[in-house]
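Colleague: quick one, what's the 3D model for this:
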Amino acid sequence: MNPYITLVLLFSLFLGTIITLSSNHWLLAWIGLELNTLAIIPLMSKTHHPRATEATTKYFMTQSVASALLLFATMLIAWHTGEWTIINMQASAPTFMLTIALMIKLAVAPFHLWLPDVIQGLNLTTCLILLTWQKLAPLTLLIQISSQTNSTLIIFLGTLSLFFGGWGGLNQPHLRKIMAFSSISHLGWMIIVVLYSPNLAQLNLMMYLLMTSSLFLMMMTLKVINMNKTASSWMKNFPLFSTMTITLMSLGGLPPMSGFLPKWMILEELIKQNMTPLATLAIISTLLSLFFYLRLSYITSLTTSPSPLNSKLMWRLKSNLNPIIPSMIILSIMLLPISPSITNLL
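Modeller: Numbering: from 1, shown residues only. Predicted structure coming up:
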């Protein structure tokens, strides 16, 4: 793809999210979401592979349905209230439709089935954009309307996401699908706490973006897309390979890594709100997610894949390490000691 076209598409992605984040008007927010969708579609299909074309088509159809439902719901809200302001939502049925539309865009269970299939057909760079940047605008809208939505629906969908994200990644050999189900599970954590503490949901979002971005950058450097290639990647860059295992543990929420911090604070907030059964279900679902992270770490660090002798000379080859990766790895692993400062900011 022409670099100028790529630059325009990336700028459109940035602009669409900024428009949605800064808007107080439903029509402007919808325009930002549509600009995001239309900008990422050429990036998804640029490889000209049938699998990429299939993934792009699935993504376009799903996002079109969600956008149409969102626009219809906002029109009904404007009809009932007489204005397009985001914070003024008094009708229950349009608010329900709007919540469902945002859940479809975020790939929250049970509207999550499109995400693993779409992710499997994309390259790692586009997967990184889809699992990180594309979550910002819909989740921001959901946080803004969370106080006016049905709390039972939000908690139910969040709990479903926790379990579907855990169960779905158990038998996946492909790293991209594992990261897709990890995204579904982390979204469940954000959604169950958004009613009680939006600041904690934002903290969980920032930690998820940080850990997912660092892990994808390591995957792009090591050029791994499945477990077999991951198991033999120790011959390419052993220090980066070792830190990838630790980052996986942080993504699973294992103490004392950074990923434990938002889960710990969310569980504490749920217990304060007398939601102990929900906190217990969240802990059980975390064990499911932690299982496939541990399995992936076991394959990568405690086993040696069968390989010919001359492949062990791959360490002699120069690997272009992105200078951003070390700092992101440090933040993904070592933020827990400064947790008192983070809690004071919240």
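Colleague: residue 70 and residue 42, how far apart?
Modeller: Note on residue 70: its distance to residue 42, by Cβ to Cβ, to the nearest Å, is 22 Å. From N, CA and C alone the C-beta is placed, and that goes for glycine too.
Colleague: with neighbour numbers in mind, choose between the two.
Modeller: residue 70 (25 against 15; other Cβ atoms under 10 Å).
Colleague: buried residues, the helix or strand containing the more buried one. List them.
Modeller: Secondary structure assigned from DSSP states H and E places residue 70 in helix 50-81. Of the residues in helix 50-81, 52, 55-56, 58-60, 62-63, 66-67, 69-71, 73-74, 76-78, 80 count as buried by neighbour count, 16 or more other Cβ atoms under 10 Å.
Colleague: so what's the residue nearest to residue 292 when sequence neighbours are not counted up against?
Modeller: Nearest non-adjacent residue to residue 292, counting by Cβ to Cβ, 6 or more residues apart in numbering: residue 169, 4.6 Å away. Contacts for residue 169 (Cβ atoms under 8 Å, 6 or more residues apart in numbering) come out as 177-178, 181-182, 185, 288-289, 292.
Colleague: also residue 243?
Modeller: Residues counted as contacts of residue 243 (Cβ under 8 Å, 6+ apart) are 218, 329, 333.
Colleague: closest to residue 205 among those?
Modeller: Using Cβ to Cβ, residue 333 is the member of the contacts of residue 243 that lies nearest residue 205, at 18.3 Å.
Colleague: phi, psi for the closest one please.
Modeller: phi -110, psi -40 (degrees, to the nearest 10).
Colleague: same question, residue 226
Modeller: phi -140, psi 180.
Colleague: for burial, what's the neighbour tally of it?
Modeller: Neighbour tally, residue 226, other Cβ under 10 Å: 14.
Colleague: got a list of what the closest residue to residue 89 other than its chain neighbours touches?
Modeller: Nearest residue to residue 89, sequence neighbours excluded (Cβ to Cβ, 6+ apart): residue 148, at 4.7 Å. Applying Cβ under 8 Å, 6+ apart to residue 148 gives the contacts 87, 89, 95.
Colleague: no further questions, thank you.
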